[in-house]
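[1] What follows is a predicted protein model with its sequence.
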Amino acid sequence: MLHRYEFPQQIRRLDAANLLYRVVARFADLDLDPVTVSNHQMGYVFEELIRRFAEQSNETAGEHFTPREVIELMVNLLVAPDHDALSGPGTARTVMDPACGTGGMLSAAEEHITALNPHATVKVFGQELNPESWAICRSDMMIKGQDPENIKFGNSFSDDGHRGAHFDYLLANPPFGVEWKKVKDEVEAEHEKLGDSGRFGAGLPRINDGSLLFLQHMISKMKQPTGYGKGGSRVAIVFNGSPLFTGAAESGESRIRQWILENDWLEGIVALPDQLFYNTGISTYFWILTNRKLPDHRGKVILLDAREHFAKMRKSLGDKRKYLTEDQIKEITGLYGEALHVAADPEHPLHAKVKIFANEDFGYRRITVERPLRLRFEVTEETLTAVRESKPIGKALDVTAFETALKPLVGRSWDTKRAAWDAVRTAMAEAGMLWPNGAPFQKALRDVLGVRDPDGEVQKVKGDPEPDTDLRDYENVPLHEDVEEYLRREVLPHVPDAWIDHTKTKIGYEIPFTRHFYVYKPPRPLAEIDAELKALEAEIQALLGEVTK
């Protein structure tokens, strides 16, 4: 563990900067005897050093440090439903973080549970890829009386340090938008060989963001429930907005969301204020999952909008300009716990901040709406040029002779393909040419003679209308809605000849969080805008007048 701290390199750096003696002298002046500084106090000192180190490393703090108040809220949401069970005698729980950094989340979870029940036994487990963060976490756990062997080093995807283990609580703040290219071979091999019996059977996200891989990894480590509200596990993870909606129907991301929702694991999502983290100002979300939902929560998902619950910091730390107060943490925790009641009560002051959806509300069918290819036919100078350039026509006959045969038809047009073909056949016969057999020639001839026309003849293939790829459209229809009814209501009034190609229909899942909480703000009255412009114009004129005096 000690070599991960790179002490020899640090000593050389301090010596080169003429700081080594001063640092050692300061430590020598401190009385750190266990009688003077207890193990408990030393733990607090170590934790404070970790916090300061992270705050001073703003550019990379997100890799190993999550703001303490964010962790507190996350742990509250994770553990709050279990307060009664945790308060009983003989309580023993396990907590795991697969991207544990310096161990802040693990420590907070342990503190929360032992605050509820000082006699509870809490064992923490983690894994970390960054060697220095791993060493700090392992040291911290050792100081706090945890087993440091439970903190594994390595990549959670390619080298699972807790293979086959399951835990009561799992929480993580994985890096946002970090690619998983380095472990691509291992992840894809597990996906293909093990399928649903492995960790990544549901699907693989795009290579530039491994967030949903972390979530699948955590889900694989949930304990099996033994009944409603008993056994099982709870999961909390911090995401940016991407996992909510990235990926089209039947993409890897969509399949993962579908897998989670159809298994009824997603309990809720909480939108947090932006600018909460040290290394990014983007909006973030807590996803809370469990495989032991209470009966009144089954089949439902809580969406809680806490984006306006924040206080401004007096001094920014990197990108962190906002924080959560203790009162706000309590309010959000209480609001989440009472979500079903709040959402059902229009008179509740925070009713607009909570919405409840059925799992299937996030599913949709991606339908392909086709319209027929409509053509009229004509021969122009451009048609003759297209004939010369057509490879299928060149393979079927003598292009020069065919072009000569078509020249008398320049300027003529026909409403139907049959009439156009009859005219071309006659012209070819007069030129002593035979009509080639085979579909490639006829298709190529239609391509050069045909002109799209909304009033033209509908082209058919084996008796069915041929779709016009230029007019093809796609619609997302909610899963609970009949697609043919949707077509009749939303499409046919505008394009009566449209139809759905059911062979191309795909199932997708997305969670458009912000859309559900959108509040329309009407534009300001024109008179108000006009008055403001006139006032600004007058102010500018006055300033110009002072300059020209």
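    Thanks, I have it. Numbers count the residues shown, from 1 in each chain.

[2] which residues does Lys181 contact?
    Contact analysis of Lys181 by CB atoms under 8 Å, 6 or more residues apart in numbering lists Ile207. Heads up, the C-betas are built off the backbone N, CA and C, glycines and all.

[3] which stretches of this structure have low pLDDT?
    For the chain, the stretches with pLDDT under 70 are 1-5, 39-40, 42-44, 46-48, 50-65, 228-229, 549.

[4] for this protein, what's the longest helix?
    The residue-count maximum for a helix in the chain (DSSP state H) belongs to helix 526-548.

[5] Please point out which parts of that one sit buried.
    The neighbour-count check on helix 526-548 (16 or more other CB atoms under 10 Å) flags nothing as buried.

[6] which other residues reach stretch 371-385?
    For stretch 371-385, the external contacting residues (CB under 8 Å, 6+ apart) are 403, 406-407, 409-417, 419-420, 446, 448-459, 465-468, 471-473, 495, 497-499.

[7] Any idea what Leu171 is bridged to?
    Note on Leu171: beta-bridge partners Ala236, judged by DSSP bridges.

[8] Confirm for me that it is in contact with Pro98.
    No. Using CB atoms under 8 Å, Leu171 makes no contact with Pro98, being 9.4 Å away.

[9] who has more neighbours, the two?
    Under the criterion of other CB atoms under 10 Å, the comparison of Leu171 against Pro98 puts Leu171 first, with 30 against 27.

[10] Pick out the residue closest to the middle of the chain.
    Nearest to the mean C-alpha position of the chain, by CA atoms, centre = their mean, lies Pro243 at 1.3 Å.

[11] Distance-wise, check that residue relative to Ala249.
    16 Å (CB to CB, to the nearest Å).

[12] ok now stretch 519-532, how far from the chain's centre?
    Remark: stretch 519-532 is offset 35 Å from the chain centroid, using CA atoms, centre = their mean, to the nearest Å.

[13] Can you give me the end-to-end span of it?
    Length of stretch 519-532, first residue to last, CA to CA, to the nearest Å: 25 Å.

[14] got the contact list for it?
    Residues contacting stretch 519-532 (CB under 8 Å, 6+ apart): Ala352.

[15] Wait, the residue nearest to the centre of the chain touches Phe214, no?
    No. Taking contacts as CB under 8 Å, Pro243 lies outside contact range of Phe214: 9.8 Å.

[16] on that earlier part again, list buried members of the contacts of stretch 371-385 by neighbour count.
    Listed as buried from these are 406, 409, 413-414, 417, 420, 446, 448-450, 456-457, 459, 465, 467-468, 471, 498-499; burial here means 16+ other CB under 10 Å.

[17] How many residues are close by Ala120?
    By other CB under 10 Å, the residues close to Ala120 number 18.

[18] If we ignore the residues flanking it in sequence, what's nearest it?
    Nearest in space to Ala120, with sequence neighbours left out and distances taken as CB to CB, 6 or more residues apart in numbering, is Thr91 at 4.0 Å.

[19] Now the one you found: phi and psi?
    Main-chain torsions, Thr91, degrees, to the nearest 10: phi -70, psi 130.

[20] all numbers from here: first residue = 21
    From this message on, residue numbering opens at 21, which makes the last subject Thr111.

[21] so what's it up against?
    Contacts of Thr111 (CB under 8 Å, 6+ apart): 105, 133, 137, 139-141.

[22] for Val515, same thing?
    Arg391 are the contacts of Val515 under CB under 8 Å, 6+ apart.

[23] returning to what we had before: from the chain's centroid, how far away is the longest helix of the chain?
    From the chain centre to the centre of helix 546-568 is a distance of 46 Å (CA atoms, centre = their mean).

[24] now do stretch 205-219
    21 Å.

[25] Only the buried residues of it, if you could.
    Buried residues in stretch 205-219 (16+ other CB under 10 Å): 206-207, 210-211, 218-219.

[26] returning to what we had before: are any of the contacts of Thr111 buried, and which?
    When neighbours are counted using 16+ other CB under 10 Å, these contain these buried positions: 133, 137, 140.

[27] Mind putting those into JSON lines with secondary structure and distance to Tyr356?
    Shown next, in JSON lines, are the buried ones among the contacts of Thr111 (DSSP: H, G, I helix; E, B strand; the rest coil; distance: CB to CB, whole Å):
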{"residue": "Ile133", "secondary structure": "helix", "distance to Tyr356": "18"}
{"residue": "Asn137", "secondary structure": "coil", "distance to Tyr356": "22"}
{"residue": "Ala140", "secondary structure": "coil", "distance to Tyr356": "23"}
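
[28] Nearest to Trp279 among these?
    Nearest to Trp279 among the buried ones among the contacts of Thr111, counting by CB to CB, is Ile133 at 29.6 Å.

[29] Could you pull up the residues touching that closest one?
    Shown in contact with Ile133 (CB under 8 Å, 6+ apart): 99, 106, 111, 113, 115, 140, 142.

[30] For Arg113, see how far away it is.
    As for Ile133, its distance to Arg113 is 6 Å (criterion: CB to CB).

[31] same thing with Leu190?
    Between Leu190 and Arg113 the computed distance is 11 Å (CB to CB).

[32] Same question for Thr310.
    Thr310 sits at a distance of 14 Å from Arg113 (criterion: CB to CB).

[33] May I have stretch 282-292 as CSV, with CA atoms only?
    Output in CSV follows, covering the C-alpha atoms of stretch 282-292 (Å, rounded to 0.1, in the frame of the first residue of the first chain):
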residue,chain,number,x,y,z
GLU,A,282,-39.0,-3.9,-16.7
ASN,A,283,-37.4,-5.5,-13.7
ASP,A,284,-38.9,-2.8,-11.5
TRP,A,285,-35.6,-1.8,-9.9
LEU,A,286,-35.7,2.0,-10.4
GLU,A,287,-37.2,3.6,-7.4
GLY,A,288,-36.6,7.2,-8.2
ILE,A,289,-34.4,9.9,-9.7
VAL,A,290,-33.5,13.2,-8.0
ALA,A,291,-32.4,16.1,-10.1
LEU,A,292,-29.7,18.1,-8.2
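
[34] and that stretch, which residues are buried?
    The neighbour-count check on stretch 282-292 (16+ other CB under 10 Å) flags 284-292 as buried.

[35] for stretch 49-58, same thing?
    Quick answer for stretch 49-58: no buried residues (16+ other CB under 10 Å).

[36] Ends of it, what's the gap?
    OK, stretch 49-58 end separation, CA to CA: 18 Å.

[37] starting at the chain centroid, how far to it?
    For stretch 49-58, the distance to the chain centre is 49 Å (CA atoms, centre = their mean).

[38] Among the contacts of stretch 391-405, name the ones in strands.
    Judged by DSSP state E, strands contain the following of these: 433-434, 470-472, 477-478, 485, 493, 519.

[39] In a markdown table: those residues, plus distance to Glu328.
    Putting the ones in strands among the contacts of stretch 391-405 into a markdown table (distance: CB to CB, whole Å) gives the following:
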| residue | distance to Glu328 |
| --- | --- |
| Ser433 | 64 |
| Trp434 | 66 |
| Gly470 | 58 |
| Val471 | 57 |
| Arg472 | 52 |
| Glu477 | 59 |
| Val478 | 55 |
| Pro485 | 52 |
| Asp493 | 38 |
| Trp519 | 46 |
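
[40] out of those, which one sits closest to Asn38?
    Of the ones in strands among the contacts of stretch 391-405, the one sitting nearest to Asn38 (CB to CB) turns out to be Asp493, at 70.9 Å.

[41] Can you tell me how far the closest residue to that closest one other than its chain neighbours is from Tyr494?
    Spatial nearest neighbour of Asp493, excluding adjacent residues (CB to CB, 6+ apart): Val389 at 4.5 Å. The spacing between Val389 and Tyr494, counted by CB to CB, is 7 Å.

[42] Good, wrapping up.
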